[in-house]
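Student: Take a look and give me a structure for this.
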Amino acid sequence: MPDIQLFKYFESIDDPRQQGKVVHKLFDIIFLAVSAVISGCQGWEDIEDFGHDRLDWLRKYVPLEQGIPRHDTIARVMSRIDMTQFQDSFSSWMKDCSKLTQGDVVAIDGKRLKGSFNQSDRRDALYMVSAFACENGVVLAQCPVDKKSNEITALPELLELLEIKGCLVTIDA
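Tutor: Below you'll find the predicted structure:
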């Protein structure tokens, strides 16, 4: 099995599960979820299906000794990890994968997350502000927008996460 450099970015994430009950390694689940989402999967069942369909490829990088976890296990584990730790890990990985150079364009924009609203009254949707590296085609970082605020208040927090000296930054009004 090759030495997977991605592990170093996510090894600092605390595993919230009771260790005596752990069947699937935390990094195996994170690797599966990240790989699936990057490939276009949009839900927990899609992620599980992706794992079954690409098990041989996934095992080139992570052992998955117990096979692919069920979608409810993936959802439960991913929802219990510290999202700040995950965001920091993911952002560090993205920064190393996509170095920005002088004059690169970073587009900052806010979006409502699809399907994030309360199903009963269709309110309380989640909003995120994202920084997108146009030349590299990747999101460098994201920050949530406070429910009682607007995108502008999230910008300073987002900009703190980025190293964009010399880049052209665009912000959608």
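Student: Just the buried residues of the strand or helix carrying residue 107, please?
Tutor: According to DSSP states H and E, residue 107 maps onto strand 105-112. For strand 105-112, burial by neighbour count (16 or more other Cβ atoms under 10 Å) applies to 106, 108, 110. In short, each C-beta sits where N, CA and C put it, glycine included.
Student: any weak-confidence spans in this structure?
Tutor: Counting by pLDDT under 70, the chain shows low-confidence ranges at 1-4, 98, 114-124, 148, 173.
Student: rerun that using 50 as the cut-off
Tutor: Applying pLDDT under 50 to the chain flags the ranges 2.
Student: Tell me which stretches of it form strands.
Tutor: In the chain, the strands defined using DSSP state E lie at 105-112, 127-133, 138-144, 168-171.
Student: Would you tell me which of those gets closest to residue 15?
Tutor: Residue 15 lies closest, by Cβ to Cβ, to one member of those: strand 138-144, at 23.1 Å.
Student: how about the residue nearest to residue 9 when sequence neighbours are not counted, what does it touch?
Tutor: With sequence-adjacent residues excluded and distances taken as Cβ to Cβ, 6 or more residues apart in numbering, residue 9 is closest to residue 93, at 4.2 Å. Residues in contact with residue 93 (Cβ atoms under 8 Å, 6 or more residues apart in numbering) are 6, 9, 10.
Student: so where's the longest helix in this protein?
Tutor: helix 83-97 (DSSP state H).
Student: which of the buried residues of strand 105-112 lies closest to residue 29?
Tutor: Distances from residue 29 to the buried residues of strand 105-112, taken by Cβ to Cβ, are shortest for residue 110, at 29.2 Å.
Student: give the contact list for that closest one.
Tutor: 127, 128, 129, 130, 145, 151, 154, 172.
Student: Near the spatially closest residue to residue 94 that is not a sequence neighbour, how many other residues are there?
Tutor: Closest residue to residue 94 apart from its sequence neighbours, by Cβ to Cβ, 6+ apart: residue 140 at 5.4 Å. Residues contacting residue 140 under the criterion other Cβ atoms under 10 Å number 23.
Student: One more: residue 49?
Tutor: 15.
Student: and the nearest residue to it once chain neighbours are set aside, what is it in contact with?
Tutor: Distances taken as Cβ to Cβ, 6+ apart place residue 41 nearest to residue 49, at 7.7 Å, with adjacent residues excluded. Residue 41 makes contacts with 47, 49, 50, as judged by Cβ under 8 Å, 6+ apart.
Student: Is the last one in contact with residue 38, as I believe?
Tutor: I take that to be residue 50. No - with contact defined as Cβ atoms under 8 Å, residue 50 does not count as touching residue 38 (10.1 Å).
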